[in-house]
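K.L.:
got a predicted structure plus its sequence, pasted below:
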Amino acid sequence: TIQREGSMLDLLYGDFTFVNPQLAKFYGMPDISGDAGKWVRVDNAGKYGRGGILPMAVFMTQYSPGLRTSPVKRGNWVVQKVLGIRVPPPPPVVPELPSDESKTDLPIRAMLEQHRKNPFCAGCHQRFDSFGLVFEGYGPVGNARATDMAGRAVDNSATFPGGVEATGVAGLRSFIKDHRQDRYVENLSRKLLAYALNRSLQLSDESLVDKMKTGLAADGYRLRALVTAIVTSPQFLNKRLAEPAQIK
């Protein structure tokens, strides 16, 4: 996306992905010849359940405990890392869900429904569970699936904040596009700016963040607009250099 001066929105909505021979096989895509270092672009990735960062197996694997999926961890990743919405940490004592999906009497969705009956847990879970339940069509390592590890049919539908009904990653993309896209744009702008300045953002940076967002919208959300706004800003041009290490 950066090399071709593409849109930052492609990271969410792009109908393409990049795979090497092993990943192409895992995704059920046509074979690719070559070694593990060969990466090729695959267009129309939606027909394989892929496209953009949301259904990438690496993220779904990272946010799963091993022998089951975790709508909580996956949803929290989307809400906090992708959309930049802060969620308070869990209470000190939180009951753990069973670790092996194949040995549970109920599917993860049903267990989470019971979990949310606890008033100490319901408030936060209502903010991110729906964002994770739409990934139930993918197993613990991001493999596309129609049944869970106990052989039960999976349900990847969800009700997002505001009562918006959606199904699967496609439904999540639509919800973000219609209701949360500005949060995604602002979050990515803030993260890139903090990285470039090598510090946490301050109140004095808010006008620059607004300028970055305005420039993005005017330039088709191309990432070059972010980079240009940052490197020409007073904050970047006058940032303090790191002190040289003293020789002992």
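P.N.:
Received it, and whenever you're ready, just let me know what you need. Predicted model, so just to flag it, every value in this text is computed and none were measured.
K.L.:
quick one: distance of the helix or strand of the chain with the lowest mean pLDDT to the chain centre.
P.N.:
In the chain, no helix or strand scores lower on mean pLDDT, DSSP states H and E than helix 119-133, which sits at a mean of 83. What separates the centre of helix 119-133 from the centre of its chain is 16 Å, taken as C-alpha atoms, centre = their mean, to the nearest Å.
K.L.:
got the contact list for the helix or strand hosting residue 113?
P.N.:
For residue 113, the enclosing helix or strand under DSSP states H and E is helix 108-115. With contacts defined as C-beta atoms under 8 Å, 6 or more residues apart in numbering, helix 108-115 is touched by 68-72, 95, 97-98, 101, 104, 106, 121, 125, 129, 133, 136, 148, 155. For every residue, glycine as well, the C-beta is placed using N, CA and C.
K.L.:
any idea which helix is longest in this structure?
P.N.:
If you go by DSSP state H, the chain has its longest helix at helix 181-197.
K.L.:
and the residue nearest to the spatial centre of the chain, what does it touch?
P.N.:
Closest residue to the average C-alpha location of the chain: residue 78 at 4.1 Å, with C-alpha atoms, centre = their mean. Residues near residue 78 by C-beta under 8 Å, 6+ apart: 54, 128, 131, 132, 172.
K.L.:
might you report the residue contacts of residue 182?
P.N.:
Contacts for residue 182 (C-beta under 8 Å, 6+ apart) come out as residue 213.
K.L.:
just to revisit the earlier point, what about the residue nearest to the centre of the chain, distance to residue 22?
P.N.:
Counting by C-beta to C-beta, to the nearest Å, the separation of residue 78 from residue 22 is 26 Å.
K.L.:
what does residue 182 give?
P.N.:
37 Å.
K.L.:
same question, residue 168
P.N.:
For residue 168 relative to residue 22 (C-beta to C-beta), the value is 25 Å.
K.L.:
for residue 179, same thing?
P.N.:
In terms of C-beta to C-beta, residue 179 sits 36 Å off from residue 22.
K.L.:
same question, residue 177
P.N.:
31 Å.
K.L.:
circling back: where does the residue nearest to the centre of the chain fall, helix, sheet strand or coil?
P.N.:
Look at residue 78: counting by DSSP: H, G, I helix; E, B strand; the rest coil, its state is helix.
K.L.:
coming back round to it: so between residue 168 and residue 22, which is more surrounded?
P.N.:
Neighbour comparison, residue 168 and residue 22: the larger count goes to residue 168, with 19 against 11 (by other C-beta atoms under 10 Å).
K.L.:
list phi and psi for the nearest residue to that one once chain neighbours are set aside.
P.N.:
Computed as C-beta to C-beta, 6 or more residues apart in numbering, the closest residue to residue 168 that is not its neighbour in sequence is residue 156, at 4.8 Å. Phi and psi for residue 156, reported as degrees, to the nearest 10, are phi -110, psi 30.
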